[in-house]
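>>> Everything below, folded, please.
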Amino acid sequence: MKSFISIQIVLLIIQFCIASKIVCEKKYKIKKDDYCYGIATKHEISISKLKIINPKINCDDLKVGDNICVKAKLNYHHYVDKINVNGKCGDGIGRCPKGECCSKEGYCGVGKEYCDNGCQSEFGECSNPKISSHKRSEISSGETNEEDYYGKMADIEKLVDFTMSSLFSKEEAEEFKKFAEEAFKGFENALAQNHTVNEYDLDTFNINECQANCNNALNQFENVVNDSSNNFNLKTFNYILISSDQGSVDENYFANVCRSQCYFIEEFITAFKNDNIMSTVNHIQNEINELDEVFKGVLTKRNTFDCSTRAKTVTVDHFASNDPDIPVYKQSQDSIFLCKSGGRIDGCSAQYKILDDFMYYFTPACNGHDACYHCNGDKTQCDDQFKNNMINLCEKNHSIISRPKSLFSCKSVAYVAHLVVKHADFAWDGWRSDRAFTNNNFNKNLDQNTISDYCVCDAFDQGHFVSKLYSFTPYE
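Prediction:
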């Protein structure tokens, strides 16, 4: 996803563009058995805020005795960076898209001229990315590679299966899974309900009602794990998690994931209103209405080039260890979305902090969202499909038995990411600019456009990117 900031928009939000320095108002000393969700909710903040005010925190390796910040004032652009995709970066301009460096001259890109001497680390990366910026941070930094990462995921699955088989017969294992799903059903419903109630009207949010949904889910969880008539209990569940090197959970762990979602919604609404972002959104919406009037009826039948012929050269890989259901598209000058002419599909490039931990998982969803903004006249439908696709990816990569902590963290992020793109200025601005690009290039004379410009949003591109099902049929 991306944000195309016009001069008029910059003038409206310049005072908020670069997030001010964070001043910590309260510290907390990490204790034994602490974990990030627990620390965050204990201090009534979201895990996103905890990570923003502690940029070096490693939630997988908390050190007992370390002091971390648990209270600080944040504004809108602490949660949502201003991203520029016109190639420029720097103070008063904005950050480069994820994975690109900001050179000393103030230009975004990759390679030595951008990433070495003079690179501006506050406005982009300052390493030389060797693979796609859409990977998880540890992959893109070179600490590991995709094969190693998915090998570790497979190892966890094997360890869980081995532990389950050593504990249970086949029938007992099925019973354990059945009651695990029953125990977690309340959290599934609470995450979805908290999101659905507040996704359209920010003024309707009530954090007490949100927290009540989480508490009800916790009651359902406790009723199952404390019921001796079934074999799902917290001791056995933790034994399986520890045996597969995932760490244990307490009874409140998943309720705290849910509560963190509530705190994030409250924080986002507060920052959105305090920084008057709605005025920027209204300005963008007016521009969109003007564009619709200008280009209404402009689209005509293509008759100078058969756009389907260029589709044969589009390279398709597969996400997540060659999962055939989730295509990933490589750079191609024959696809409007992947060429450098202005139509961009660039993964999860909009740097709103909540996506950081799941950026790699959500790359196909982000790509589909980018494409939908170009090709679909209904922003709400694009945003809703984005949410559905993220949830789909969470469920493909995680499960209640094998990776429960990641599953619920992933879904919580998916729901709040959807909330952000429905309301944030960068999403509305991206929508406006993508629609303008499509309208400006679609069906123009081929001698005035490249093939990829001329063939914007034809049936091939729409079928390969916009479908929420991720499935595709190779072009014959």
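>>> could you show me where the strands are in the stretch 251-400 of the chain, in order?
316-318, 327-329 (DSSP state E, counting those that start in this stretch).
>>> Compare these and say which comes out lowest on pLDDT.
Comparing mean pLDDT over those, the weakest stretch is strand 316-318, at a mean of 46.
>>> what's the neighbour count on residue 373?
26 (other CB atoms under 10 Å). All C-beta atoms are positioned from the backbone trio N, CA, C, and that covers glycine.
>>> ugh, wrong one, residue 174
Burial of residue 174 is recorded as 11 neighbouring residues (other CB under 10 Å).
>>> So which bits of the strand or helix carrying it are buried?
Using DSSP states H and E, residue 174 falls within helix 170-198. Going by neighbour count (16 or more other CB atoms under 10 Å), the buried part of helix 170-198 is 173, 176-177, 179-180, 182-184, 186-188, 190-191, 193-195, 197-198.
>>> Equivalent analysis for stretch 388-402, please.
Here stretch 388-402 shows 388-394, 396-402 as buried, counting by 16+ other CB under 10 Å.
>>> So which of those residues belong to helices?
388, 389, 390, 391, 392, 393, 394, 396, 397 (DSSP state H).
>>> Go through those residues and name the one nearest residue 239.
Nearest to residue 239, judged by CB to CB, of those is residue 397 at 23.1 Å.
>>> What's the end-to-end length of stretch 161-172?
Terminal residues of stretch 161-172 lie 13 Å apart, using CA to CA, to the nearest Å.
>>> what residues does it touch?
Under the contact criterion CB atoms under 8 Å, 6 or more residues apart in numbering, stretch 161-172 has outside partners 173, 175, 176, 231, 236, 239, 240, 243, 244, 401.
>>> What strand or helix carries the nearest residue to the first one once chain neighbours are set aside?
Counting by CB to CB, 6 or more residues apart in numbering, residue 173 lies nearest to residue 164, which is 5.1 Å off, once chain neighbours are set aside. Element membership for residue 164, per DSSP H and E: helix 146-167.
>>> Count the residues that sit near the closest residue to residue 183 other than its chain neighbours.
Excluding the flanking residues, the one nearest residue 183 by CB to CB, 6+ apart is residue 224, at 3.8 Å. By other CB under 10 Å, 19 other residues sit near residue 224.
>>> counting contacts, what elements does the helix or strand where residue 224 lies pack onto?
Using DSSP H and E, the element containing residue 224 is helix 207-225. Under the contact criterion of 3 or more CB pairs under 8 Å, 6 or more residues apart in numbering; DSSP states H and E, helix 207-225 touches helix 170-198, helix 253-274.
>>> before we move on, back to that, narrow the contacts of stretch 161-172 to those in strands?
Judged by DSSP state E, strands contain none of the contacts of stretch 161-172.
>>> Quickly find the element holding the closest residue to residue 380 other than its chain neighbours.
For residue 380, ignoring the flanking residues on the chain, the nearest one in space by CB to CB, 6+ apart is residue 422 at 7.6 Å. If you go by DSSP H and E, residue 422 is part of helix 404-423.
>>> so after that helix, what's the next helix or strand?
In N-to-C order, the element after helix 404-423 by DSSP H and E is helix 425-441.
>>> Average pLDDT for that following helix, rounded please.
For helix 425-441, the per-residue pLDDT averages 80.
>>> Show me the shaky parts of the stretch 351-476 of the chain.
Along the stretch 351-476 of the chain, segments meeting pLDDT under 70 span 351-354, 360, 442-444, 448-449, 451-453, 459-476.
>>> re the thing from before, check the gap between the residue nearest to residue 173 and residue 67 for me.
40 Å (CB to CB, to the nearest Å).
>>> out of the two, which sits in the more crowded spot?
residue 164 (20 against 12).
>>> Do you know the pLDDT at that one?
So, for residue 164, pLDDT stands at 95.
>>> and the residue nearest to residue 380, how many neighbours?
Counted with other CB under 10 Å, residue 422 comes out at 18.
>>> Same question for the one 4 residues further on.
The burial count assigned to residue 426 is 27, neighbours taken as other CB under 10 Å.
>>> measure the closest residue to residue 182 other than its chain neighbours to residue 253 for me?
Nearest residue to residue 182 in three dimensions, chain neighbours excluded: residue 224, at 5.4 Å (CB to CB, 6+ apart). Plainly put, residue 224 is 15 Å away from residue 253 if you go by CB to CB.
>>> Could you do residue 274 as well?
31 Å.
>>> which one of these two has more residues nearby?
Shown here are residue 274 and residue 253; by other CB under 10 Å, residue 253 has more neighbours (20 against 13).
>>> My guess is the more buried one contacts residue 34. True?
No - using CB atoms under 8 Å, residue 253 is not in contact with residue 34; the gap is 11.8 Å.
>>> what kind of secondary structure is residue 229 in?
Three-state call for residue 229 (DSSP: H, G, I helix; E, B strand; the rest coil): coil.
>>> how many other residues sit next to it?
Neighbours of residue 229 (other CB under 10 Å): 5.
>>> how about it, phi and psi?
phi -80, psi -10 (degrees, to the nearest 10).
>>> now residue 105
phi -80, psi -10.
>>> Return the residues in contact with it.
residue 118.
>>> Starting from residue 430, give me the distance back to it.
Taken as CB to CB, the span from residue 105 to residue 430 is 26 Å.
>>> Also residue 61?
For residue 61, the distance to residue 430 equals 35 Å [CB to CB].
>>> follow-up on the earlier one: return the residues in contact with the residue nearest to residue 183.
179, 182, 183, 230, 232.
>>> quick one: which two of those residues are the most distant?
Among these, the pair separated by the greatest distance (CB to CB) is 183 and 230, at 9.2 Å.
>>> Output the contacts of stretch 161-172 as TSV; include the columns distance to residue 214.
TSV is the format used below for those (distance: CB to CB, whole Å):
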residue	distance to residue 214
173	29
175	27
176	24
231	26
236	24
239	26
240	24
243	28
244	26
401	22
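>>> any idea how the chain splits into domains?
24-74, 168-273 (automatic domain parsing).
>>> how about the residue lying closest to residue 119 once chain neighbours are set aside, what does it touch?
Excluding its sequence neighbours, the residue lying closest to residue 119 (CB to CB, 6+ apart) is residue 126, at 4.1 Å. If you count contacts by CB under 8 Å, 6+ apart, residue 126 has them with 101, 115, 119, 120.
>>> Pull out the buried residues from those residues.
Looks like the contacts of residue 126 have 101, 115, 119, 120 buried, using 16+ other CB under 10 Å.
>>> Would you confirm that the first one contacts residue 112?
No - in terms of CB under 8 Å, residue 101 does not count as a neighbour of residue 112; the distance is 9.5 Å.
>>> can you put the buried residues of stretch 388-402 in TSV and add distance to residue 51?
As requested, the buried residues of stretch 388-402 are exported to TSV (distance: CB to CB, whole Å):
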residue	distance to residue 51
388	26
389	24
390	19
391	22
392	25
393	21
394	19
396	25
397	21
398	20
399	25
400	25
401	27
402	25
